[in-house]
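**Q** Let's see this in three dimensions:
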Amino acid sequence: MMNQIDAERLADMLDAGESFTLVDTRPEDSYEAWHAPGAENVPFGPEDELSKEKVNRVDEVTNGKPVVAICGKGLTSTPFSFELEQHGYDVSVVKGGMEDWSTVYEVVPIDTRNDDLFVAQLQRRAKGCLGYVVGSKSAAEAVVVDATRQTDQFKIAAEEAGLTIERVLDTHVHADHISGGSTLADTLDVPYHLGERASERDVAHEYDPLADGETMDVGDIEIEALHTPGHTSEMVNYLVDGEALLTGDTLFVESVGRTELQFGDDDAATGAELLYESLHETILDLPDDVRILPGHVSVTTDGRYEVGSPGEPIAARIGDLREDLDLLGLDEDAFVDRLTDQTPEKPPNYERVIELNTGRDDLDEPDEATELELGPNNCAA
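**A** Predicted coordinates:
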């Protein structure tokens with residue numbers, strides 16, 4: 001009987017360096033756009049048979065190692081694996097395919113100076129989305145920041161830390177993935193927060209606006225909202241207890257946020273000017289030892305983190321970024337030119353994702369969310 005493994009088991013096998021070959025049976029263009037680390041492509045469609053040519057290709061890429069097969073949803077990799085078994089291969093298939101792979105999370109504790117402060121970074125491995133549970137251990141209370149649509153991941157992380165979620169915050173209207181913020185807040189019957197400038201984005205969700213400099217308390221932990229426009233006009237960063245800054249898509253460990261997804265190609269320079277001001281007059285004015293906790297880490301098309309590794313904190317001190325990140329050393333004109341002259345490919349379906357994240361429309365069908373989110377994030381400049 002053919003062996004099935006889930007996406008979490010695949011992650012464990014990759015992280016442990018186990019000896020196997022991951023074979024991706026999707027069409028070549030889908031594979032080239034986005035695939036799991038180390039995967040080899042042997043396209044196999046619903047009507048295909050395992051030809052001698054394909055067997056030779058499998059022999060070439062596996063070199064005698066066990067095979068783990070993956071496709072989009074587990075539909076074509078299953079018959080592919082069955083036929084491989086008939087040819088004597090040791091083969092397993094990833095249940096749910098790349099669809100399930102896109103929902104694998106790691107919960108990573110973040111060290112803090114204040115023993116009462118709890119911070120966990122939730123990494124959505126395949127997309128590079130980073131969300132947070134921030135709380136007070138003594139008060140047993142928490143807020144969630146930038147929840148993805150797999151909201152149970154955040155509820156479980158808070159519960160395992162002994163914390164009750166009292167508020168849900170988003171840094172901005174996301175363009176590359178569907179936010180779970182409003183849904184999570186509704187489910188828990190707690191306030192949902194965006195920056196006060198979200199009123200300019202035609203947000204239909206009910207939310208409590210946060211003004212620049214406004215604070216909220218989680219036990220004795222203070223969280224301050226800082227208006228940091230640039231990536232979007234309503235972007236806010238959250239300064240946690242003076243020691244960590246949740247930057248959303250303003251500042252990443254390896255780059256800064258792109259500016260044309262809201263402002264458009266023609267006005268991307270306006271966004272870049274706003275971003276330069278946010279970086280140099282707000283973020284870089286903070287002490288060097290404040291730790292940056294971003295909303296994303298860039299993921300390559302072959303599923304690898306541009307910096308760090310899954311399961312390790314994606315974070316950096318402001319002082320280190322000031323020295324190491326070239327973009328932060330540019331003057332304003334050079335910074336604007338860099339952001340407007342070298343814009344990467346836009347996230348697929350980003351306009352539809354924004355429409356959903358503002359609450360102006362609902363999903364047409366449950367599977368639409370999966371299709372809209374396939375592939376890594378692409379919000380860095």
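**Q** OK, contacts around the closest residue to Asp267 other than its chain neighbours?
**A** Using CB to CB, 6 or more residues apart in numbering and skipping residues adjacent in sequence, the residue nearest Asp267 is Glu260, 7.7 Å away. Where you see a C-beta, it was placed from the backbone N, CA and C, and this is true even at glycine. Shown in contact with Glu260 (CB atoms under 8 Å, 6 or more residues apart in numbering): Asp267, Ala268, Gly271, Thr340, Thr343, Lys346.
**Q** how near is Glu260 to Gln153?
**A** Distance of Glu260 to Gln153, computed by CB to CB, to the nearest Å: 30 Å.
**Q** Give me the neighbour count for His35.
**A** By the criterion of other CB atoms under 10 Å, His35 has 22 neighbours.
**Q** And for Glu53?
**A** Neighbourhood size, Glu53 [other CB under 10 Å]: 9.
**Q** How about the one 10 residues further on?
**A** Around Asn63 sit 7 other residues, with neighbours defined as other CB under 10 Å.
**Q** can you tell me which residues contact it?
**A** Taking CB under 8 Å, 6+ apart as the criterion, Asn63 is in contact with Thr21.
**Q** same check, this time on Ser138
**A** Contact analysis of Ser138 by CB under 8 Å, 6+ apart lists Asp116, Gly219, Asp220.
**Q** give me every residue that touches the closest residue to Val145 other than its chain neighbours.
**A** Of all residues not flanking Val145 in the chain, Tyr132 sits nearest, at 4.4 Å (CB to CB, 6+ apart). Residues in contact with Tyr132, defined by CB under 8 Å, 6+ apart, are Val119, Ala120, Gln121, Leu122, Val144, Val145, Asp146, Leu246, Leu293.
**Q** Mind pulling up the pLDDT for the last one?
**A** This points to Leu293. In the predicted model, Leu293 carries a pLDDT score of 98.
**Q** and the helix or strand hosting it, what other elements does it pack with?
**A** Taking DSSP states H and E as the definition, Leu293 sits inside strand 291-294. Where contact means 3 or more CB pairs under 8 Å, 6 or more residues apart in numbering; DSSP states H and E, strand 291-294 is packed against strand 129-136, strand 244-248, strand 316-317, helix 318-324.
**Q** can you put the ones you listed in a markdown table and add mean pLDDT and distance to Ile165?
**A** Converted to a markdown table, the helices and strands packed on strand 291-294 look like this (pLDDT from 0 to 100; distance: least, CB to CB, whole Å):
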| stretch | mean pLDDT | distance to Ile165 |
| --- | --- | --- |
| strand 129-136 | 98 | 8 |
| strand 244-248 | 98 | 16 |
| strand 316-317 | 98 | 27 |
| helix 318-324 | 96 | 28 |
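**Q** ok so, going back, quick one: buried ones out of the contacts of Ser138?
**A** If you count burial by 16 or more other CB atoms under 10 Å, the buried members of the contacts of Ser138 come out as Gly219.
**Q** can you redo the contacts of Ser138 as a markdown table with secondary structure?
**A** Conversion of these to a markdown table gives the following (DSSP: H, G, I helix; E, B strand; the rest coil):
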| residue | secondary structure |
| --- | --- |
| Asp116 | coil |
| Gly219 | coil |
| Asp220 | coil |
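**Q** and of the contacts of Ser138, the nearest to Leu356?
**A** For the contacts of Ser138, the minimum distance to Leu356 (CB to CB) is 33.5 Å, reached by Gly219.
**Q** just checking, the closest one touches Glu141?
**A** Yes - using CB atoms under 8 Å, Gly219 is in contact with Glu141, at 5.5 Å.
**Q** any common contacting residues for those two?
**A** In contact with both Gly219 and Glu141: Gly135, using CB under 8 Å, 6+ apart.
**Q** Let me know the closest of the contacts of Glu260 to Leu22.
**A** Nearest to Leu22 among those, with distances taken as CB to CB, is Lys346, at 28.5 Å.
**Q** mind listing what that closest one touches?
**A** Glu260, Leu261, Asn378.
**Q** Could you do Leu372 as well?
**A** Counting by CB under 8 Å, 6+ apart, Leu372 has contacts Ile178, Pro348, Asn349, Arg352, Val353, Leu356.
**Q** any idea how far Val236 is from the closest residue to Glu206 other than its chain neighbours?
**A** The shortest distance from Glu206 to any non-neighbouring residue, by CB to CB, 6+ apart, is to Tyr192 (6.9 Å). Distance, Tyr192 to Val236, by CB to CB: 13 Å.
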